[in-house]
Each structure stands twice: as structure tokens, then as C-alpha cells.
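> Everything below, folded, please.
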Amino acid sequence: MGIGNKLKKIALGAVDAARSKDSAAAKAAQRQAADSKTLDEVTAIEAADSAGLAAWPAGMRYALGIAGLFAVVAGLGIIAPVFTPAFLALCMALTLYPISQWMIRHNVPAALAAILNIVLMFAIMLGVTGLIAGALTAVTTELPRYQDKFQDLYQNGINYLETLGNKFDIDTSSVTNPAQQVDLGRITSFAGGLATSLGGAGTTTFYFVMVAIFLVGDLVVVRRRGAELASYAPGLAISLRNFSRGARMYFIMATVFGAGVAILDIIVMYIFQVPTPITWGILAFVANYIPAVGFIVSMIPPVLMVLVTRGVGPAIGVAVCFIVISFAVFNFIQPRFAGSAVGLNGTVSFLSLMVWSAVLGPLGAVVSVPMTLFIKAIFIDADARTAWIDVFLRPGDGPVLGNKQRKRDKNGDGIDDETGEAVKVDRRTREEQVREAAEAERLRAEATIHELNEAEQARINSRQSKQATASPAERASTDSSLEKPEPSEKSV
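Sure, this is the predicted structure:
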């Protein structure tokens, strides 16, 4: 009986073990199935997430992008009184940036370079503000003096229209009747008041743009920060560098060639004996910062002045000379020296003027082209997937050449001026160009960060070695100097 009971217990144990094994296997199978199901669900979710907007129809994606752009523009319009002068200050700081870098390369301390740049910017702002204030003062003085002559000229024009209507049996009352109700005295008074208000706005802007002083100080040394940005977002770093170069080139070209156009206009006005030619020359210089229509704005006052003082013939002569000078300088001379300085076609430049003037106010006309370059840098050039939008913005229909290729082929003969080899067209797609440029930028940034870290470590090691061999008094002096913040590394 004892042996039988033992055999029975062994048999029952074997059955229980088999059942436990089967149960464990079943549970393992269930867990495996659950894990497989979870993995499939996760894979499906990740696939959906990776598709994202790419799964949307193209029209929906474009509509979403346009809606987002409208939201950004509307937001800028809300903060325009603050944003516009600050953005102008940024453009001014970027324009003067190479000067501070030149000083640093010639062993000028970074702090002194920043101070000299701030003084230079202050002098430029003071000079431009003084010119504008003087011109506006002259306008408010000269316009009332010719009010009667403008009134006579205006009335003669209405009479001439009525004579033409009677001669050809045309009813001109729909034009002449409203025109006769216009009071030119009120117009000239309004122009004077507008000039005065513009002078006040210029003074307010001058004080507010003092924020440029802080920007100049912050932008003097940015090598490490620029390298860190390029290591994280190389496409954005490249696009922001291109924006700064484009904004700088735009203001430099507008200043240099605008001054040349203003001098030629003054000579023309002296020849045709236009009253106060210096005033209108300053207006021509300032108006050249307004793209596309600036020369038209600067041409109207002197043409009207010479019309009431000298007659129709000299007025036509002044208008023709102004048009020829502006057309020759900005369509033949400037492209010869600067090419397409900003990389925007004429249509986009004109639309930029219209849009940013409406959104940002009168000052938006001055920063319209740099503002478009900034939006382009942030939303288009920073990502290879949106680089195709540039085909609607850039001038010409040729291949996109790099800046080095443009600089090395200054005469445009297709031969590299440095190597003597033929310039070859880059046959990569625009997306490939942007991706490879971003990767090269990231590698350069990592090398720059490594170089700066090694230089900082070498400086620390040098101080430590001096500390170890120094006397107690020298060691105390070194300790006190170590507590002082070190100036940032110089920018190359």
C-alpha cells in the first residue's frame, strides 16, 4: 500500500507538472501574441506619425502653409510699432558687422571694436536724421511760397480740358466739376503738416533705433554661438547667414548707388534751374531706399516745381533725365558691380513693398526687401524640403551658382579667375544642394567648436602651470584674475 501510494503521488505530480508546463507555455504564447499585437500597433502609429502632413493632399498642405504665413504677417502687423524699428536696427547692425570683424582681425580688442562700431552707427543715424530733418524743413518753407502758382497751373489745366471737350464735343464735366472743388491751399497745408509729422516720427524712430547699439555689442563676437547653432540646425544657420549678407548688400548698394543717383539728379536740377535742388537731391537719396517706386516719388516734387517756374518743356526735360539716370544706374551699372545683390526678382520686390508698407507702416517700405529675405530665410531656405519655393522668388532663369563661383568669375566669361578652369554648372537638384551644404556646415561647426574648446583648455592649462610655479603673492594675484570673467573668443 505504501508503494502504491507513492506511485500514485508521483503520477499526480507528473500530471500537475505537465499541466503547469502547458499553462506556462500558453501564457508565454499569449504574451508573445500580445507583444506582437502591441508591436504592430506601435509600428502603425509610428508610420502614421512619420507620414504626418505628407499624407495630406498637396492643396491642403499649401493652404495650411499659406494660412500660417498669414498668421505670422498679421502678428507682425500687431506689433509693428515695436518690431519695425527693431528690425531696422538689426539690419543696421548687420550692415556694420564687417567693420568690427575687420578691427578684431587687426588685433583690436572686441570691446573697443564694439564701442567704435556703436559710435559709427550713432554718427550715421545722426547724419541721416539731420539730412531728413533739413529737407523736410525746406519743404515746409518752399511749398507755401508756390501755392498761388500751383493754383494757377491747376486752373489752367482744368480750362484746357474744357477747351478740348468743347472742341471734340466731349462732356468733361464729370472730370472738371470735381476738380474745381479741390482746394490746393489745403493740400499744401496738409503737405506741410505731413512733413512736420514725418520729422517727429523720424526723431522718435531715431531714439527707438538706439536698440541697435545693444545689437552691435551682442554681434561683435558670435563665433561659438554661431557654431553651436550650425551644429544643431545647419540649414537655419546657412539661411540666416545668407539673410545677413543679403540685407547688408541691399543697404550698401542702396546707399552707394542712391548717393550717385542723387548727385546726378542735383546736377540735372541745377541745369534746369529747379528751385532748392539740394532739398530734392536729399529726397532722391532717401527715396532710393524704397524699392521699385522710390525714384518716382523723388521725381514728382522737382518736376512740379520746375513746371510752375520754368514751363512744360523744362519739366519734361527733368522727368526724362531722372528716368534715364535711374534706369541706367539700377539696370546696367549696379548689376555690373553687384549682380543680383539680394536674390529677389522685380515682381517679388514690388510686392514686398506693397505688403510690408501695409503691414508695418511707412517704415515698412524701407525694410521691405530685407523683411522678405528674413521670411525667406526662416520658412524657405532653412529646410531642403521647401527649397523648391525659391524658383518663384529668385531672378533669372539660370542655374543657382554659389557665392564663390560668382566672386571667382567677376567678368562673366565662364572662367574661374583664380584657377583658370571653366566654371561648371552644378547638376544636383536644389534639394540635394541644400542637404549637402547643411551637412558640410554641420561638420565645419563641429570642427570650430572643437578648436575653440582646445584653445580654451590650452589657456586653462597654461594658467594652471603658471599657478603651480608662481610665488604665493603671484598665486594670489592669479586667483583674483581668474575670478574675473574672460572676454569671449574672437570671431574670424
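> And whatever helix or strand Gly226 lives in, what does it pack against?
For Gly226, the host element (DSSP states H and E) is helix 223-232. Where contact means 3 or more Cβ pairs under 8 Å, 6 or more residues apart in numbering; DSSP states H and E, helix 223-232 is packed against helix 234-271, helix 430-469. No exception for glycine: its C-beta is placed from N, CA and C like everyone else's.
> Next, the angle helix 223-232 makes with the longest one.
Looking back up the chat, that one is helix 430-469. Counting by axes from the mean of the first three to the mean of the last three Cα atoms, to 10 degrees, helix 430-469 lies at 140 degrees to helix 223-232.
> Check which helices and strands helix 430-469 is in contact with.
helix 223-232, helix 234-271, helix 472-482.
> Mean neighbour count, mean pLDDT and distance to Thr141 added to these, as TSV?
Listed next are the helices and strands packed on helix 430-469 as TSV, based on neighbours: other Cβ atoms under 10 Å; pLDDT from 0 to 100; distance: least, Cβ to Cβ, whole Å:
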stretch	mean neighbour count	mean pLDDT	distance to Thr141
helix 223-232	17	87	50
helix 234-271	19	90	17
helix 472-482	11	58	61
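> With respect to Val286, which of the ones you listed lies nearest?
Among the helices and strands packed on helix 430-469, the nearest to Val286 by Cβ to Cβ is helix 234-271 (8.1 Å).
> Check which element follows that closest one along the chain.
As assigned by DSSP H and E, the chain's next helix or strand after helix 234-271 is helix 277-287.
> just to revisit the earlier point, can I get the helices and strands packed on helix 430-469 in JSON lines with distance to Ala445?
Output for the helices and strands packed on helix 430-469, formatted as JSON lines (distance: least, Cβ to Cβ, whole Å):
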{"stretch": "helix 223-232", "distance to Ala445": "3"}
{"stretch": "helix 234-271", "distance to Ala445": "7"}
{"stretch": "helix 472-482", "distance to Ala445": "29"}
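> circling back: could I get the helices and strands packed on helix 223-232 as CSV with distance to Ile99?
Output for the helices and strands packed on helix 223-232, formatted as CSV (distance: least, Cβ to Cβ, whole Å):
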stretch, distance to Ile99
helix 234-271, 11
helix 430-469, 22
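> Which of those helices sits closest to Ala365?
In terms of Cβ to Cβ, the element of the helices and strands packed on helix 223-232 nearest to Ala365 is helix 234-271, at 12.1 Å.
> From the contact counts, what lies against that closest one?
For helix 234-271, the elements it packs on are helix 80-105, helix 223-232, helix 277-287, helix 294-309, helix 312-328, helix 334-338, helix 368-376, helix 430-469, judged by 3+ Cβ pairs under 8 Å, 6+ apart.
> As CSV, could you dump the C-alpha coordinates of the third one?
Same thing as helix 277-287. This file holds the C-alpha atoms of helix 277-287, laid out as CSV (Å, rounded to 0.1, in the frame of the first residue of the first chain):
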residue,chain,number,x,y,z
PRO,A,277,17.9,121.4,-55.8
ILE,A,278,19.8,120.3,-52.7
THR,A,279,16.5,119.6,-50.9
TRP,A,280,15.2,117.5,-53.7
GLY,A,281,18.6,115.7,-54.0
ILE,A,282,18.3,114.7,-50.4
LEU,A,283,14.8,113.4,-51.1
ALA,A,284,16.1,111.4,-54.1
PHE,A,285,18.8,109.9,-51.8
VAL,A,286,16.4,108.9,-49.1
ALA,A,287,13.8,107.6,-51.6
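> And the contacts of it?
Under the contact criterion Cβ atoms under 8 Å, 6 or more residues apart in numbering, helix 277-287 has outside partners 128, 131-132, 134-135, 138-139, 142, 258-259, 261-263, 265-266, 269-270, 274, 294-295, 297-299, 301-302, 305.
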